[in-house]
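In: any chance you could fold what I've pasted below:
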Amino acid sequence: MENNSQSRKHLDRLHLLSAHLVKAQMIPEKPNMNLLDFYRQKSTLKTEQELSDIFYGKYQAFKKDTYQFMANDVDFRHHTTSELDRKQMRYRAMRQVKKLGKAFPISVEKFGSDPGYLHALLESVHAFDQATSIKLSVHYSLYCKTVYLLGTEQHRPFLERALKMEEIGCFGLTELGHGSNIRDNLTTAHYCKETDSFIINTPSELGMKFWIGAAAELASVCVVYAQLYVEGKNHGIHAFIVPIRSQLDHTLLPGVLVGDCGRKVGCDAIDNGFLLFNNVRIPRQNLLNKLSNVNEKGEFELKTSSPEERYALSLGALSGGRVLISVVTLTHLRNALTVSLRYAAQRQQFGQPKQPETPIIEYPMTQYRIIPYFAGFFTYWIAASTLNQQWNDNQHAIFDGKNPLLAEAHSLSSSLKPLITWYVQRGLQEAREVCAGLGYSAYNRLGAYIDDNNVHLTWEGDNNVLLQQACKYINDTYMKLLKGTKPRGGSLSFLQPGDKITVQDISVEDVGKLESIRAIMQFRVNVLAHSSTMKLQQNMSKYGNNFDAWNASLQYYFKPLGLAYGDCYCAGEFERVINSTQDPSLKAIFIQMLQLWAFEIIEKDQHVFSQMNFLKEIHFKVIREKIQELCYSLSREAYKILDIIAIPDEILGAPIGLSNGEMYKNFMNVVRQAPGCYERPSWWKELKGLQ
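Out: Model (predicted):
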């Protein structure tokens with residue numbers, strides 16, 4: 001028995017070692033063969049159109065038109081290859097915004113009836129450059145959208161001018177001393193009955209509006225969130241339209257002080273500014289009065305059932321921004337995967353004795369580093385795109401407090417935004433490292449993706465704070481379940497009390513089946529929901545108040561629950577797409593992607609999946625082996641798929657990631673044409689003093 005056991009161990013080790021050996025037969029025999037073309041031929045995908053339809057969605061033609069427009073215009077070239085300074089970057093971004101606004105105009109009617117059109121535009125531009133996309137987004141998605149959603153017919157002229165790009169708007173929510181805690185913002189708006197106007201003031205430095213995109217240079221009007229006072233009574237945070245610059249000469253209006261927030265980690269083409277107001281008067285009609293109003297008699301009118309509902313609905317209207325972030329952040333990962341995978345096919349290092357050097361994509365370690373992100377990208381893209389579409393479809397009912405879809409969309413967006421932006425940031429760093437020294441060159445854009453994407457982790461809701469909203473939704477649903485009220489559908493329809501959690505018997509052979517992956521993801525949510533609720537109750541007894549009990553339960557209980565909830569939703573959406581996929585070859589690739597993504601999660605979260613003896617050590621052992629197999633097989637599929645989903649070379653702008661397979665030539669062309677490449681330094685004479 002002992003000898004058999006030892007033999008089995010040796011066989012297991014040989015099996016693992018064999019998985020790490022480079023498959024020499026996959027290396028081209030012809031040394032001059034284009035390696036990208038070589039790897040493109042390895043894919044088993046039979047047809048391209050269905051993948052393109054799934055990936056781009058209903059706005060496929062429009063997105064591709066946007067790509068082509070940018071690819072054909074010399075103004076849409078990357079600052080990392082032009083070596084522009086901050087002022088030049090901002091000027092170029094302004095020209096890009098103007099050109100895009102002219103090329104793709106949006107009427108008031110289309111803006112209201114087809115929100116997906118705008119999201120498709122912003123997503124496409126984000127794939128080119130985040131700063132330009134954010135400039136458009138601040139104007140369209142924040143300023144215009146707030147005027148449209150929270151305003152009434154009297155505000156239509158503001159919206160018409162903005163959509164015609166006759167004036168550019170910005171969005172004054174965040175203050176120096178307040179980010180996520182909007183309720184306690186300090187800016188004030190006192191109603192003056194004698195002049196029928198509001199007086200906007202910044203009471204202290206902590207109350208200045210800060211990080212306001214487009215405020216420093218571009219915008220002439222701002223939606224300002226301020227505490228509304230009528231006859232000395234505070235009615236809470238409201239939104240006001242406040243002109244900040246003259247339409248004639250762009251000078252600041254009386255009482256308005258605007259400054260530049262300075263250099264940032266990324267996105268320096270965005271002119272973030274700070275604003276202070278000193279007795280700035282605006283007409284009473286500039287209050288966005290969809291949910292509440294100050295009438296001609298100077299009386300405050302509440303149009304909702306309670307101040308709390310008004311506040312929740314007014315901020316709930318902003319959830320579309322975090323839904324969109326979950327989509328656009330993935331465009332960075334798509335670009336980084338395009339660059340790093342194309343690099344890995346062409347970069348040859350080491351190899352078998354007396355054999356050509358091996359493309360690094362053949363090394364299992366390279367595959368393991370980057371291919372799981374390739375699979376995860378598709379998993380998260382499908383889920384984020386689906387939620388984005390659902391949000392757009394329900395915009396007409398955004399102020400219906402009884403619409404359960406809105407509460408669920410808000411909860412899911414509060415989970416997906418942290419889940420996906422954190423995932424993308426990790427993937428971007430791995431892609432940069434895979435490309436080694438060439439990945440560190442600014443010309444190849446990977447550093448720009450890392451720096452620019454960083455802001456997604458904290459704006460539109462700090463990830464750690466935002467995630468708590470999803471956790472509270474799950475906890476509320478779970479507490480209702482314990483009292484006998486089952487979820488009637490949606491993302492938590494599978495939720496079970498702790499003593500009734502289904503422990504499904506999943507065989508080793510079936511662990512990769514779609515129904516098994518679904519059961520595994522649901523089990524994790526159920527286990528974490530139960531343990532988090534129990535911990536919260538323990539902490540209630542310990543601390544005696546909700547505030548301290550909740551915060552003490554977050555890090556090791558509710559935070560993992562909120563992320564698991566998002567993963568479970570993503571798995572379900574990918575399964576839905578797989579089941580409706582017609583092309584058998586594409587369906588098989590999708591299944592492999594879902595398996596690899598899910599196995600990575602299982603392998604890293606074993607302590608949860610092993611609870612209640614749900615998965616055993618033999619499962620984890622098999623899963624680790626399957627991860628290696630899937631990384632290899634998907635590395636064969638990646639290159640043809642990248643050609644279908646990648647943006648045009650002209651707007652990708654990364655010489656080592658271009659589609660022609662000549663990365664060294666592409667890269668050196670950029671290096672040699674860079675300013676000062678061959679110049680002697682102007683300070684060369686000073687070197688004599690060092691001798």
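
In: give me the buried positions along whichever strand or helix holds residue 665.
Out: Of the helices and strands defined by DSSP states H and E, residue 665 is found in helix 663-673. Within helix 663-673, the residues that qualify as buried are 663, 666, 667, 670, counting by 16 or more other C-beta atoms under 10 Å. All C-beta spots, glycine's among them, are computed from the backbone N, C-alpha and C.

In: for stretch 155-172, buried residues please.
Out: 155, 158, 159, 161, 162, 163, 167, 168, 169, 170, 171, 172.

In: if we can go back for a sec, mind picking the lowest-pLDDT entry from the buried residues of helix 663-673?
Out: Lowest pLDDT of the buried residues of helix 663-673: residue 670, 92.

In: that one and residue 465, how far apart?
Out: 41 Å (C-beta to C-beta, to the nearest Å).

In: returning to what we had before: closest one of the buried residues of helix 663-673 to residue 437?
Out: residue 667 (10.8 Å; C-beta to C-beta).

In: thought the closest one was touching residue 444?
Out: Yes: judged on C-beta atoms under 8 Å, residue 667 makes contact with residue 444 at a distance of 7.5 Å.

In: that older thread, now, the most widely separated pair of the buried residues of stretch 155-172?
Out: 163 and 172 (19.7 Å).

In: overlap of the contact sets of residue 667 and residue 444?
Out: 438, 655, 656 (C-beta atoms under 8 Å, 6 or more residues apart in numbering).

In: show me what contacts the closest residue to the last one other than its chain neighbours?
Out: Same thing as residue 656. Leaving aside its chain neighbours, residue 656 sits nearest to residue 663 (4.2 Å; criterion: C-beta to C-beta, 6 or more residues apart in numbering). Counting by C-beta under 8 Å, 6+ apart, residue 663 touches 342, 343, 346, 347, 438, 655, 656, 657.

In: again with residue 111
Out: Residue 111 neighbours (C-beta under 8 Å, 6+ apart): 118, 140, 144, 148, 159, 163.

In: now the helix or strand containing residue 134: average pLDDT?
Out: Residue 134 belongs to helix 130-137 when assigned by DSSP H and E. When pLDDT is averaged over helix 130-137, the result is 94.

In: that one: which residues count as buried?
Out: 130, 131, 132, 133, 134, 135, 136, 137.

In: equivalent analysis for stretch 359-377, please.
Out: For stretch 359-377, the buried set under the neighbour-count rule, 16+ other C-beta under 10 Å, comprises 359-364, 366-377.

In: and the contacts of it?
Out: The contact list for stretch 359-377 (C-beta under 8 Å, 6+ apart) reads 19-20, 22-23, 26-27, 35, 39, 330, 333-334, 337, 340-341, 344-349, 423, 427, 430-431, 433-434, 592-594, 596-597, 600, 627-628, 630-632, 634-635, 638.

In: which of these are buried?
Out: By neighbour count, with 16+ other C-beta under 10 Å, these hold 22, 26-27, 35, 39, 330, 333-334, 337, 340-341, 344-348, 423, 427, 430-431, 434, 592-594, 596-597, 600, 627-628, 630-632, 634-635, 638 as buried.

In: residue 234 belongs to a helix, doesn't it?
Out: No: using DSSP: H, G, I helix; E, B strand; the rest coil, the secondary structure at residue 234 is strand, not a helix.

In: what about it, neighbour count?
Out: 11 (other C-beta atoms under 10 Å).

In: try residue 75
Out: By other C-beta under 10 Å, neighbour count at residue 75 equals 11.

In: that older thread, can you put the contacts of residue 663 in a markdown table and add distance to residue 554?
Out: Output for these, formatted as a markdown table (distance: C-beta to C-beta, whole Å):
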| residue | distance to residue 554 |
| --- | --- |
| 342 | 41 |
| 343 | 39 |
| 346 | 45 |
| 347 | 43 |
| 438 | 41 |
| 655 | 44 |
| 656 | 41 |
| 657 | 39 |
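
In: which members of those are positioned in helices?
Out: Per DSSP state H, helices hold the following members of these: 342, 343, 346, 438.

In: can you put those in CSV and add pLDDT and distance to residue 621?
Out: Below are the ones in helices among the contacts of residue 663 laid out as CSV (pLDDT from 0 to 100; distance: C-beta to C-beta, whole Å):
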residue, pLDDT, distance to residue 621
342, 98, 34
343, 98, 33
346, 96, 35
438, 96, 37
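
In: now for those residues: which two are most distant?
Out: Spanning the widest gap among the ones in helices among the contacts of residue 663 are 342 and 438, at 11.4 Å by C-beta to C-beta.

In: what about the two, which has more around it?
Out: residue 342 (29 against 20).

In: quick check, that one in contact with residue 662.
Out: No: under the contact definition of C-beta under 8 Å, residue 342 does not touch residue 662, with a separation of 10.6 Å.

In: quick one, strands of the stretch 151-300 of the chain?
Out: 169-172, 188-192, 197-201, 209-212, 221-230, 233-243, 256-260, 273-277, 280-283, 292-294, 300-302 (DSSP state E, counting those that start in this stretch).

In: those strands: which one's closest to residue 524?
Out: strand 209-212 (36.0 Å).

In: pull the distance from the closest one to the chain's centre.
Out: Per C-alpha atoms, centre = their mean, to the nearest Å, the displacement of strand 209-212 from the mean C-alpha position of its chain is 21 Å.

In: is it true that residue 147 touches residue 160?
Out: No: Residue 147 lies out of contact with residue 160 (C-beta under 8 Å); the separation is 10.1 Å.

In: need the ones in helices among the contacts of residue 663 in CSV with distance to residue 457, can you?
Out: Shown next, in CSV, are the ones in helices among the contacts of residue 663 (distance: C-beta to C-beta, whole Å):
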residue, distance to residue 457
342, 27
343, 26
346, 32
438, 26
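
In: out of the contacts of stretch 359-377, which are inside helices?
Out: Residues of the contacts of stretch 359-377 located in helices (DSSP H): 19-20, 35, 39, 330, 333-334, 337, 340-341, 344-346, 423, 427, 430-431, 433-434, 592-594, 596-597, 600, 627-628, 630-632, 634-635, 638.

In: returning to that earlier point: now the common contact residues for residue 342 and residue 438.
Out: 656, 663.

In: pLDDT weak spots in this structure?
Out: 1-32, 79-82, 317, 401, 689-691 (pLDDT under 70).

In: contact partners for the residue nearest to residue 289 when sequence neighbours are not counted?
Out: Leaving aside its sequence neighbours, residue 289 sits nearest to residue 152 (C-beta to C-beta, 6+ apart; 5.7 Å). Contacts for residue 152 (C-beta under 8 Å, 6+ apart) come out as 288, 289, 290.
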